[in-house]
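Chemist: here is my input, please return the structure:
(chains A, B and C)
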Amino acid sequence: MERHEYDVVVIGAGGAGLRAAIEARQQGKRTAIICKSLFGKAHTVMAEGGAAAAMGNVNPDDNWMVHFRDTMRGGKFLNNWRMAELHAKEAPDRVWELEEWGALFDRTKDGKISQRNFGGHEYPRLAHVGDRTGLELIRTLQQRVVALQQQDEREHGDPEAFIKVFAECTVTRLLKDGDKIAGAFGYWRETGDFIVFDAPAVVLATGGIGKSYVVTSNSWEYTGDGHALALLAGAKLINMEFIQFHPTGMVWPPSVRGILVTESVRGDGGVLRNSEGRRFMFDYVPDVFKDKYATTEEEGDRWYTDQANNRRPPELLPRDEVARAINAEVKAGRGSPQGGVFLDVSSRLPAAEIVKRLPSMHHQFKELADVDITQEPMQVGPTCHYVMGGVEVEADTGAASVPGLFAAGEVSGGMHGSNRLGGNSLSDLLVFGRRAGLGASAYVDGLAARPVPAGVEEAEAEAIAPLQRTGGENPYEVHHELQRTMNDLVGIIRKSEEISEALQVVEKLKERSKNTASAGSRIYNPGWHLAIDLRNMLLVSECVARAALLREESRGGHTRDDFPGMSPEWRRKLLVCSAGPDASGVTVEERVQPSMRGDLITLFDRAELEKYLTEDELADYDAAVKES
Amino acid sequence: MTQTTAESPIRKQRAQLNVRTLRTDRWWLTPALTFAGLMSFLIYGIWAILDKSYFAEPYIAPFSSPCLATSCPEGARFLGLAPFGDWYTLPPGLLILGLPGGFRLTCYYYRKSYYRSFWLSPPACAVSEPHTKYSGETRLPLIIQNVHRYFFYLAVVIGAILAYDAVLAFRDEHGNWGHVGLGTLILLANAVLIFCYTLGCHSCRHITAGRLNHFSKHPLRYKAWTFVSKLNARHQQFAWASMYSVMIADLYVRLVAKGVINFPFA
Amino acid sequence: MGYKAKFRVWRGEGGEGKLEDFTVEVNEGEVVLDVIHRLQATQAPDLAVRWNCKAGKCGSCSMEINGRPRLGCMTRMSTFDESETITVTPMRTFPVIKDLVCDVSFNYQKAREIPSFTPPKDVKPGEYRMQQIDVERSQEFRKCIECFMCNNVCHVIRDHDENKPAFAGPRFLMRIAELDMHPYDELDRRESAQEDHGLGYCNITKCCTEVCPEHIKITDNALIPMKERVVDRKYDPLVWLGSKIFKRSN
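Modeler: The predicted structure is shown next:
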């Protein structure tokens, strides 16, 4: 069997993985990058808006403290505050170093990196390149890896002496030596041959879990591999109940289901209608917002031209409210033919105006859906977008509870609390990718002896099993049923009974997945690959459902129909998932969230904190204010 | 860097498909039309060079302008000059043929069109070419295509002369200003199209500012580049339009000279 | 709404293989990749195809549909007649691994041969100052999603495998142009563009531009300007003389 020895193995070649690998290599570590797709195809390319970093290029009042506050507010104060602090402080340096590696951001008039406004950010803060910032980021990091390889070729005669990419290679198990990480086991997608990495440190950077849902903006790779690998290796996941759903994703045609429709469609006058043609959002204005939103269509329409004397239309309610309303309409049978609602801008603005204001949307629908949004309405519905939860890590090093295991990016948890702000994911993966690379390198330096991996045979048997069964379950069908279940029962709006039902279904699917069979050979066999990925998706789905069942409040990316309010008591609690090494016995425990450091909490006003904190915490706050 | 199991024997071969192309559309149509179009120009050009009726006061046929030989009629001579003496007896058009000819021959757009339609290299995208070897423009003779920018400089001169001819066409056959005939308009339109084609040339785009890395330090050149870039985006259209306009203008003047078309409409 | 479409898909491993016929359901609004996925889920579970984003942003699902290089996710079924047989084959220029999946390592090899961005040593991160108009040209090239269809369609290597060592392909010649036009890049890339990366092989027949799903004007904005820059360096005595006399630089 093919075997390689490395100091640091990075699983995932998106932004976080590449940044971690670059850092490990710069620390002189022999580094492997393993990715399921080709090099440079990771899901990071889908990020559009930009990377949030308080550089103050556009508004000089911006600084890390403002960014920190915005991030904590966005996450409804459930964030790991140390991560939010590091993120806000280090993001500018991480963006600037990209320029040295060849990134070309859009510019301000004085030649600096331009920054744009985005929801939840007080100042213009997102470094961007048009609407393809993620692509720029991944290409820059990819080209930085190549630059390092060229340097190694000059110095050592071998470009892959210190950093090598193992593309189209999937890791199915982390290998351990006692309680320590000792390597990873996987297979080449191309040949189906197995491969073993001996490495004392593994950095997980595998992204999210969106493929457990039918409607998602995520690609096939997002099967929660890193989440599952960490669990199976004995690490913990936190905040798994928090999943961000974007209210307007495309639902039709099927090929693009889930692709985002930008919020500015509504900002520019687009209205939501159900199958009866009714602007249903007027029926869904919650009491707390009653005085801020228009009650008649006439008033709402006047707002677009006269914002001072009219209240805004209810289409512009916060994302979770809109998503909830769309969801309710569809469930009540008033959805569009393909299971969404209509988002119509064609009857609201002249065609030329639409093309001018929404060029990328016009293009997106034209190219992907053959829909001319100047002539007909779009169909939209909530789409699974981002998982806030992930591997529980130490903020400064990205270290998980298992020695030698690190995580960064979407697969790690805590940074975004219960809800992520737009633009914070790209900066997150740069900041914590680097930190995980540093952490892993330091960990390797501190080891007395290299660990010896055990468990290769078991991993091999597990991976080959679906190919050896005949006449078993079709993995595509199991996958589809899981997606439907999660989408319908643990989706954007959750209820105790539905989640329990989902857990029962997942339990059955777990049994069925143990009996999947994949026809064909080992060479590039997608049916086999899916059968293997199913284990991860089921495991992660179970964590999501169990955590969602426990958290009896609504906060950020977790909305419980039966517990609609936000509770300060629950804010102090994190839900921590763990599982046995055979993927059984998923348990969820409560853990108390550590209190914010005095100098950080005093960055906020008491009035704001009162909405989130318990009386005890507020007393601590008063003491901290006195002290400072 | 993505080499995986490099030693694995299964990965060295292309998909075996023994057809020239799997395209189902009429991919041969464009090269065929291009071939016909370019051939018509070549054939017309040869005839026009040999044809002697190239001047009818105040019009001069573009294929024969500037007229530099002593055989040129008095009024047809460029600025009244005839630098080539009596010894030159061949058609005067031959003297200057190489300038616009060379410009078009080395033009990036024409190169594309005749590489595709004449040399079939390739005839259309994703259609195999018939040649077994290919070295492109890396060696003689095709490496000479790199002289394009010199032809551009010369083409600017020719363009200016055609514009000058168009201005002279605002006189009537007796030399009085103020005449506007159909020929005037044709020559004028031709001169404009020739300029749009010439200034939209890729070499021109490079010379104005394309070679710079800091547009912001050269605002005027950047402005020029922006203008040239707009023309350049339509280079193909201008190449065809100006090719046909020059043919039409040339033929028109000759028909006037031959008396087929008569003043005052002309 | 739905209908049964006739598909011919190249199936095989390591070059050996043949076109296989399928009849498969097609629903309104679907793209070719959806149909391939339906084949996977219902008739050919081991049919190999690369894909990721399904939105034309990652450049994974490059294939040839009725002989034309296309992204499977961006080719709508409505562009075909219902009676038409749709032939789907892997990219022709690269060795095939299985079915529609090619070994595209040629491209990664070439990527590594292009010298990286070389900024001046004395400019620190955060100190970069560039005007928008100075970065726009290179930004266009950075829209590239690396689907490699330009390299696939380019006849220089598509029809002449033997040119592969000497020719970087449109994708990476464009990368050279991108770096050469970068306001902070210090390397003179003109000589090597011609001598090491085979710019001279390009006969500007524009197929790269024709197939680019990002609509990058590869030929007009990258390859030809790069050729002109090479002329400055290698074939233009006037420019050479001028630069000697005036010691001019950009």
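
Chemist: what segments of chain B are strands?
Modeler: For chain B, the strands defined by DSSP state E cover B:55-56, B:59-60.

Chemist: please read the previous query as pertaining to chain C.
Modeler: Counting by DSSP E, the strands of chain C are C:3-13, C:16-26, C:62-65, C:68-71, C:85-89, C:96-98, C:101-102.

Chemist: related to what we said a few turns ago, so which of the strands of chain B is the most packed in?
Modeler: Most buried of those by mean neighbour count (mean count of other CB atoms under 10 Å in any protein chain shown) is strand B:59-60; its value is a mean of 30. Backbone N, C-alpha and C define where each C-beta goes, glycine included.

Chemist: and the spatially most central residue of chain A, what's its pLDDT?
Modeler: When chain A is reduced to its mean C-alpha position, the closest residue under CA atoms, centre = their mean turns out to be A:Tyr386, at 3.3 Å. At A:Tyr386, the model reports a pLDDT of 94.

Chemist: which strand or helix spans it?
Modeler: Using DSSP states H and E, A:Tyr386 sits within strand A:378-387.

Chemist: quick one: is that strand near chain C?
Modeler: No - contact of strand A:378-387 with chain C is not found when judged by CB under 8 Å from any CB of the partner chain; the minimum separation is 10.3 Å.

Chemist: off-centre distance for that strand?
Modeler: In terms of CA atoms, centre = their mean, to the nearest Å, the centre of strand A:378-387 is found 13 Å from the chain centre.

Chemist: next secondary structure after it?
Modeler: strand A:390-392.

Chemist: partner strands of that following strand and their direction?
Modeler: Using DSSP bridges, the neighbouring strands of strand A:390-392 in the sheet come out as strand A:237-238 (antiparallel), strand A:412-413 (parallel).

Chemist: just give the nearest non-adjacent residue to C:Leu199, would you?
Modeler: Distances taken as CB to CB, 6 or more residues apart in numbering or on different chains place C:Ala193 nearest to C:Leu199, at 4.6 Å, with adjacent residues excluded.

Chemist: quick one: contacts for the residue lying closest to B:Ser65 once chain neighbours are set aside?
Modeler: Closest residue to B:Ser65 apart from its sequence neighbours, by CB to CB, 6+ apart: B:Asp165 at 5.4 Å. Contacts for B:Asp165 (CB atoms under 8 Å, 6 or more residues apart in numbering or on different chains) come out as B:Tyr59, B:Ile60, B:Pro62, B:Ser65, B:Leu187, B:Ala191.

Chemist: the helix or strand hosting A:Ala184 and chain C in contact?
Modeler: Following DSSP H and E, the helix or strand that holds A:Ala184 is strand A:180-188. No - using CB under 8 Å from any CB as the criterion, no contacts between strand A:180-188 and chain C are found, and the smallest distance is 10.3 Å.

Chemist: for that strand, the distance to its chain's centre please.
Modeler: When distances are taken as CA atoms, centre = their mean, strand A:180-188 is centred 24 Å away from the chain's centroid.

Chemist: what residue ranges in the chain score low on pLDDT?
Modeler: Using chain A. Applying pLDDT under 70 to the predicted model, the residue ranges of chain A that meet it are A:288-289, A:318.

Chemist: oops, chain B please
Modeler: B:1-11, B:263-265.

Chemist: and if we set it to 50?
Modeler: Along chain B, segments meeting pLDDT under 50 span B:1-10.

Chemist: nearest residue to the residue of it found nearest chain C other than its sequence neighbours?
Modeler: With CB to the nearest CB, the shortest gap between chain B and chain C falls at B:Gln13, namely 2.7 Å. Excluding its sequence neighbours, the residue lying closest to B:Gln13 (CB to CB, 6+ apart) is C:Gly15, at 2.7 Å.

Chemist: is it true that the one you found touches B:Leu17?
Modeler: No - with contacts defined as CB atoms under 8 Å, C:Gly15 does not count as touching B:Leu17, sitting 10.0 Å away.

Chemist: of these two, which one has the most company?
Modeler: A direct count of neighbours by other CB atoms under 10 Å in any protein chain shown for C:Gly15 and B:Leu17 places B:Leu17 higher, at 20 against 17.

Chemist: excluding chain neighbours, what is closest to the more buried one?
Modeler: Closest residue in space to B:Leu17, ignoring its immediate chain neighbours: C:Thr89 at 6.3 Å, by CB to CB, 6+ apart.

Chemist: show me where the stretch 151-300 of chain A has helices.
Modeler: Chain-ordered helices for the stretch 151-300 of chain A, with DSSP state H, counting those that start in this stretch as the definition, fall at A:225-232, A:264-267, A:297-303.

Chemist: comparing these, which comes out most buried?
Modeler: Here the criterion is mean neighbour count by mean count of other CB under 10 Å, and of these the winner is helix A:225-232, at a mean of 28.

Chemist: is whatever residue of the stretch 101-250 of chain A ends up closest to chain B in a bridge, and if so with what?
Modeler: In the stretch 101-250 of chain A, no residue comes nearer to chain B than A:Ala167, which is 4.0 Å away by CB to the nearest CB. Here A:Ala167 shows beta-bridge partners A:Cys35, assigned using DSSP bridges.

Chemist: number of nearby residues for it?
Modeler: By the measure other CB under 10 Å, the count of residues near A:Ala167 is 25.

Chemist: that one and A:Ser37 touch, don't they?
Modeler: Yes - in this structure, A:Ala167 is within contact of A:Ser37 by CB under 8 Å, at 7.1 Å.

Chemist: name the element the residue lying closest to A:Lys164 once chain neighbours are set aside belongs to?
Modeler: In space, not counting the residues next to it along the chain, A:Lys164 is nearest to A:Ala32; the distance is 5.6 Å by CB to CB, 6+ apart. According to DSSP H and E, A:Ala32 maps onto strand A:31-35.

Chemist: for residue 150, which residues are in contact?
Modeler: The chain I'm using is chain A. By CB under 8 Å, 6+ apart, the contact set of A:Gln150 is A:Pro159, C:Arg112, C:Pro115, C:Ser116.

Chemist: not quite, I wanted chain C
Modeler: Under the criterion of CB under 8 Å, 6+ apart, the neighbours of C:Cys150 are C:Gly169, C:Pro170, C:Arg171, C:Met174, C:Cys207, C:Cys208, C:Thr209, C:Val211, C:Cys212, C:Ile218.

Chemist: what do you get for C:Cys212?
Modeler: The neighbourhood of C:Cys212, defined by CB under 8 Å, 6+ apart, consists of C:Met149, C:Cys150, C:Ile218.

Chemist: for it, give me phi and psi.
Modeler: Summarising the backbone geometry of C:Cys212 under the convention degrees, to the nearest 10, its torsions are phi -60, psi 120.
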